[in-house]
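In: Just the structure for this:
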Amino acid sequence: MAKIVILQGSPSVKSRLHGVLDRVRAQIASSGIEASVIAVRDLPAEDLLHARFDSEAIQAANRLVEEADAVIVATPVYKASFPGVLKAYIDLLPQKGLQNKIVLPIAIGGTIAHLLSIDFAMKPVLSTMAPRNILAGVFVLDSQVQWNEDGSAAIADDIASRLDESVALLLQEVNWQTNKANV
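Out: Sure thing, here's the model as predicted:
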């Protein structure tokens, strides 16, 4: 069975990124593919800061990534880049930790000026880890995600459509790769 891991790079307990990922996870679940989430903010801070490759928590997270067919890297953007906590975890992945994986970057930020953070901050780092394919990615403006009174997220139609299309492409590639491996 195919597996997808979501690296959730937000240092916040609840953010608009979580609303975006609720939609993404629902789409993945409806496809029948298993998805796991690694919330980097929940990894032991000392293990991240001191680059403890032998940490049980880091090794467990790395196993999830290793066993995945695809990785979604989802992050807020601060000062034109992703948070240090996400980079600290990425640094603890093996050199070829994304080898043969399909990667979908998703970023959320407060201004359209951060749009290129996917291409100029995320993709160069991710490409050093030997992924099979890094998809175009989706940039979401904070203003395109609002919280409803019931705690669910309302995502603007245009960005919801782009998210759905990107996740559908990811799922298509994962299914193709999985079926090819089973032949």
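In: which residues pair with the spatially most central residue of the chain across the strands?
Out: For the chain, the residue nearest the mean C-alpha position is V73 (2.0 Å; Cα atoms, centre = their mean). Taking DSSP bridges as the rule, V73 bridges to L7, P105.
In: hang on, it packs against L98?
Out: No - using Cβ atoms under 8 Å, V73 makes no contact with L98, being 9.2 Å away. Using the backbone N, CA and C atoms, a C-beta is placed for each residue, glycine as well.
In: what is in contact with those two at once?
Out: In the contact map built from Cβ atoms under 8 Å, 6 or more residues apart in numbering, the residues linked to both V73 and L98 are L126.
In: Pull the number of nearby residues for the closest residue to I118 other than its chain neighbours.
Out: Distances taken as Cβ to Cβ, 6 or more residues apart in numbering place G137 nearest to I118, at 4.2 Å, with adjacent residues excluded. Other residues near G137 number 20, with proximity taken as other Cβ atoms under 10 Å.
In: what's the neighbour count on A29?
Out: 11.
In: wait, doesn't it sit right on A35?
Out: Yes - if you go by Cβ under 8 Å, A29 and A35 touch, sitting 6.8 Å apart.
In: Report the contact partners of the residue lying closest to R52 once chain neighbours are set aside.
Out: In space, and not counting its chain neighbours, R52 is closest to I58: 6.3 Å by Cβ to Cβ, 6+ apart. If you count contacts by Cβ under 8 Å, 6+ apart, I58 has them with L43, P44, D47, L48, R52, Y89, L92.
In: can you tell me which of those residues are in strands?
Out: Using DSSP state E, no member of the contacts of I58 sits in strands.
In: are any of the residues you listed buried, and which?
Out: Buried by 16 or more other Cβ atoms under 10 Å: L43, D47, L48, Y89, L92, out of the contacts of I58.
In: do you know how far the nearest residue to the fourth one once chain neighbours are set aside is from M129?
Out: Of all residues beyond its chain neighbours, the one nearest Y89 is V40 (4.5 Å), with distances taken as Cβ to Cβ, 6+ apart. Computed with Cβ to Cβ, to the nearest Å, the distance linking V40 and M129 is 16 Å.
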